[in-house]
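Enquirer: Kindly generate the corresponding structure for this input.
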Amino acid sequence: MIAFLTKWLAYPQYLILEHILRFWLVSLVGIVVSSWLLRDYRLPLAATSEGDRRSGADETPRIENGFDYLLTILMALFLCFFVFVIYYREDFACFDCDQLTDFALVGHRFPPIWSAAGRFFPLGFQEFNLLRHITRTPFGFQSVAAAQLVILAGLLFAVLRECRLAWRALITVAVMVTPTLVISFTGLIYPERNALFWLMILIFCLQRANSKSTVIYFLACFVATHFLLYYKEPLVVLVVAYAVSRMLLDVYSQRKAEQGSWQEFLRRNIVPLGLLVVAVIYSGFFFVFMFPFPFQPSSYIRNQLDVQHLNKTAAVLAFVHADWIAALLAVVLLLRVVRFAFAGERLEPLWDSLAIAAMAYFAAIVGVGIYANYYLAPVDLIAGLYLGRLAALWVPQRFSWRTAIVGMTYLCLVVHNAAFSTLKILERKERILRESELASFLKNYKAQSGTERIELFFPKTDGFRLAEISAYLRYKGIRLAGQKEILDGAGPEFVVAGAGNYPSGICHPDKPYICKQENEPEVGGLIVLLPSDLVRTDDVERAAEGTTPLVSVASWPEDSLTGRGLRLLYVLSTGERRYHSAQPWWQLYIFKKSATEIENRPA
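Expert: Residues are numbered from 1 along each chain as shown. Predicted coordinates:
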């Protein structure tokens, strides 16, 4: 049966692969037209709490003093600084940036559908496929992220309209310093950036869809959802969980009212029902193309588990250890649900449904047992809004014990997140700077007389990273062995080599770059230690034996003032394993293997 369905679905799968954007656009038009036809069918959902009624009001929060304006100005300055950080020292020497240098930057469309790997995110990198017709510079590409960040911050501020300006500024800053958001917006290759952008638009429109007569918010709910779903597979779980919980809360709120017809139920819940329809459209594309993925494990998931050695329990613990705001959301939501079940406390249809949806997304991520420090970006965005709004409504105007509890919790969360985010930014910028220095050095390197091929030996770099550095060097115009393009005046040809195992001479199965397996560098070759290798002092000394040093650049040592500051950031961020070792953490060393002395190194 499975074999028959697989054969029968082969042609539809081909059509989806080749024409997914056309299918997506046609379905978008259908969604907009259907929403327009149903615009007069909707009824406002009943508010189930005083907070919902305030949320639907069009009143401006009262400003008590200049402190609100001061915090708002500071928030704006922080946003400007964040945008500056996005642009600072940018280049395409970053994690997975070969997805840009090998595709959009050379005029090729990136294929974000990998059936063998179990991945289906058709809108991934599509903004760069369009932007390359205007600019192909790091500054131009990062302008997309900067613009999205500014819009997201403005929507955050607008969604919290029932809170004082001071609270809105504090909550917005707390959301923007979360590591998941910082990683997503400072890196170009993370689909979470687009997911956060469209999720924020969706929340903004959901809040206003039932309190405004303007049809634009009603239509925008479905348009934003249609964009959102095609950036990350588990987002369909978030949308479905929100829609279902929202309708269940509506049913509960109407339980004591007179029995209404099913038509009234549909009219009250036209928005969540519409979101379900949009999710069904996405699921149809997903299951048709990915069939028979439900019957075989995803290679992407298997590879993640092999690399990280995590099971589902370990993945949960890793997320809780690094992502405090997600853990706090789970605790607060559980308390509210318990009080709802046993004390009759009402839940708010918009905000509590969003919190439930965030936890459903969390469960979907850990359900496959994979972990990355940016995976929970949608959860953290909802958590920041949900917890911040509850805190603003819970704390009285005058100082009290509630103010102290919220203040201490806020301080701990912001310090922890800011420390972790700062480390990740420094790591990214140091890596970009050092790898750009490597590219500049190789471009100007003059080989020995008559030498046209030079070996680049990376003793501490795995195959995945070798493929990435190869892609970056190729982008910078450096001749690499095995590349098809002939670069005039590009100097000698470099052969990338390492101590790993490279099947068929390829650095990594998903990245077509040639790697040569060597246990020792050849005479005259260059030994390279990259900043991402996190080498120790004895590693550097071992690599330097019998060589001539050419480049030696390292970040701050442990006993320097900056080094102590970095160690403090490591402690405040509760420690990432890669920074357990002593500083300097980011180094670039290039040695030339000497021909006068060939030593036998111990195994």
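Enquirer: Ranking helices and strands of the protein by mean pLDDT, which lands last?
Expert: Every helix and strand of the chain was ranked by mean pLDDT, DSSP states H and E. The lowest is helix 50-55, at a mean of 45.
Enquirer: Now the next helix or strand along the chain from that one: average pLDDT?
Expert: Using DSSP states H and E, the helix or strand that directly follows helix 50-55 along the chain is helix 66-87. For helix 66-87, mean pLDDT is 94.
Enquirer: what sits up against helix 66-87?
Expert: The list of residues contacting helix 66-87 from outside it, by Cβ atoms under 8 Å, 6 or more residues apart in numbering, reads 63, 139, 142, 145-146, 149-150, 153, 164-166, 168-170, 172-173, 176, 185-186, 425. Backbone N, C-alpha and C define where each C-beta goes, glycine included.
Enquirer: Pull out the buried members of those residues.
Expert: If you count burial by 16 or more other Cβ atoms under 10 Å, the buried members of these come out as 142, 145-146, 149, 153, 164-166, 168-170, 172-173, 176, 185-186, 425.
Enquirer: So which of these belong to helices?
Expert: 142, 145-146, 149, 153, 165-166, 168-170, 172-173, 176, 185-186, 425 (DSSP state H).
Enquirer: Show me the two of these that sit farthest apart.
Expert: Gln142 and Ala166 (31.0 Å; Cβ to Cβ).
Enquirer: Would you confirm that Met290 contacts Phe120?
Expert: Yes. Between Met290 and Phe120 there is a contact under Cβ atoms under 8 Å: 5.9 Å.
Enquirer: any chance you could map the strands in the stretch 401-550 of the chain?
Expert: 453-458, 493-498, 506-508, 511-514, 516-517, 526-529, 547-554 (DSSP state E, counting those that start in this stretch).
Enquirer: so Phe218 sits right up against Val271, yeah?
Expert: Yes. Assessed by Cβ under 8 Å, Phe218 is found in contact with Val271 at 7.1 Å.
Enquirer: Could you export stretch 539-556 as PDB, CA atoms only?
Expert: C-alpha atoms of stretch 539-556 as PDB (Å, rounded to 0.1, in the frame of the first residue of the first chain):
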ATOM      1  CA  ASP A 539      47.100  22.300  20.800                       C
ATOM      2  CA  VAL A 540      48.800  25.400  19.500                       C
ATOM      3  CA  GLU A 541      52.200  24.300  20.700                       C
ATOM      4  CA  ARG A 542      51.800  20.900  19.000                       C
ATOM      5  CA  ALA A 543      50.700  22.500  15.800                       C
ATOM      6  CA  ALA A 544      53.700  24.900  15.900                       C
ATOM      7  CA  GLU A 545      56.300  22.200  16.200                       C
ATOM      8  CA  GLY A 546      58.700  22.200  13.200                       C
ATOM      9  CA  THR A 547      56.900  25.100  11.500                       C
ATOM     10  CA  THR A 548      57.300  28.800  10.700                       C
ATOM     11  CA  PRO A 549      54.600  31.000  12.300                       C
ATOM     12  CA  LEU A 550      52.900  33.300   9.800                       C
ATOM     13  CA  VAL A 551      49.800  34.600  11.600                       C
ATOM     14  CA  SER A 552      49.100  34.600  15.300                       C
ATOM     15  CA  VAL A 553      46.000  36.400  16.500                       C
ATOM     16  CA  ALA A 554      44.100  35.700  19.700                       C
ATOM     17  CA  SER A 555      41.300  37.200  21.700                       C
ATOM     18  CA  TRP A 556      41.700  38.400  25.300                       C
END
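Enquirer: Would you mind pulling the contact partners of it?
Expert: Contacts for stretch 539-556 (Cβ under 8 Å, 6+ apart): 430, 434, 437-438, 441, 459-460, 526-527, 529, 531, 533, 535, 562-563, 566, 583-594, 597-599, 601.
Enquirer: Give the buried residues for that stretch.
Expert: For stretch 539-556, by 16+ other Cβ under 10 Å, it's 539-540, 543, 546-547, 553-556.
Enquirer: Distance from it to the middle of the chain?
Expert: Taking Cα atoms, centre = their mean, to the nearest Å, one finds the center of stretch 539-556 at 34 Å from the center of the full chain.
Enquirer: For that stretch, give the mean pLDDT please.
Expert: 88.
Enquirer: just stretch 265-285 next, same as before
Expert: Model confidence over stretch 265-285 averages 91 on the pLDDT scale.
Enquirer: For it, C-alpha coordinates in CSV please.
Expert: Written as CSV, here are the backbone C-alpha positions of stretch 265-285 (Å, rounded to 0.1, in the frame of the first residue of the first chain):
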residue,chain,number,x,y,z
PHE,A,265,-20.5,29.6,17.2
LEU,A,266,-19.0,29.8,13.7
ARG,A,267,-19.5,33.6,13.6
ARG,A,268,-17.9,34.1,16.9
ASN,A,269,-14.9,31.8,16.1
ILE,A,270,-14.4,32.7,12.4
VAL,A,271,-10.8,33.8,13.0
PRO,A,272,-9.6,30.6,14.8
LEU,A,273,-11.5,28.5,12.3
GLY,A,274,-9.9,30.4,9.5
LEU,A,275,-6.5,29.8,11.1
LEU,A,276,-7.2,26.1,11.1
VAL,A,277,-8.1,26.1,7.4
VAL,A,278,-4.8,27.9,6.6
ALA,A,279,-3.0,25.2,8.7
VAL,A,280,-4.8,22.4,6.8
ILE,A,281,-3.6,23.9,3.5
TYR,A,282,0.0,23.9,4.7
SER,A,283,-0.4,20.4,6.1
GLY,A,284,-1.7,19.2,2.7
PHE,A,285,1.4,20.4,0.9
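Enquirer: Show me which of the buried residues of stretch 539-556 is closest to Val29.
Expert: Ser555 (52.0 Å).
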